[in-house]
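Peer 1: Let's see this in three dimensions:
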Amino acid sequence: MPIVLIVDDNLLNLELAADVLELSDFEVITAASGREGIQQAEQHRPDLILMDLRMPEMSGMEAMLELHANPLTSNIPVAVLTASAMIGDAERLVSSGFTAYLQKPIDPSSFAEQVSALLPADH
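Peer 2: Sure thing, here's the model as predicted:
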């Protein structure tokens, strides 16, 4: 069962994404901040991290860079999950180190498939 860590400070977004993935047989871990997300990633070593971009204290970008710099978490793919949908954002975010770009609001009918496609090949 793949383990996905969802990091989002918006409780409704977090619960919706978690519920959709759990119904598709994912194990889901959640965190409400970038700092908590880093701690959860170190502790649980998920197969994939879905990271909101705009959060207080530590942005998703800062958290992703810290995760990539940490030997314990550097191999975990981090996909951005954001409502930021300006032209060029997806390319800019992926070129900055995110594995993929997923847009909010999520579509519950296809979200689990989108996330499955991002999992490392051994899952």
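Peer 1: List the contacts of Leu14.
Peer 2: Taking C-beta atoms under 8 Å, 6 or more residues apart in numbering, we find Leu14 in contact with Ile6, Asp8, Thr30, Ala32. No exception for glycine: its C-beta is placed from N, CA and C like everyone else's.
Peer 1: ignore the last one, Thr82
Peer 2: Applying C-beta under 8 Å, 6+ apart, the residues near Thr82 are Asp52, Leu53, Arg54, Gly60, Asp89, Leu93, Tyr101, Leu102, Gln103, Lys104.
Peer 1: what do you get if the cut-off is 7 Å, keeping everything else the same?
Peer 2: If you count contacts by C-beta atoms under 7 Å, 6 or more residues apart in numbering, Thr82 has them with Asp52, Leu53, Gln103, Lys104.
Peer 1: Can you report phi and psi for it?
Peer 2: Backbone torsions of Thr82, given as degrees, to the nearest 10, read phi -140, psi 160.
Peer 1: In three-state terms, label Leu50 for me.
Peer 2: strand (DSSP: H, G, I helix; E, B strand; the rest coil).
Peer 1: I'd say it and Ala79 touch.
Peer 2: Yes - the criterion here is C-beta atoms under 7 Å, and Leu50 meets it with Ala79 at 5.5 Å.
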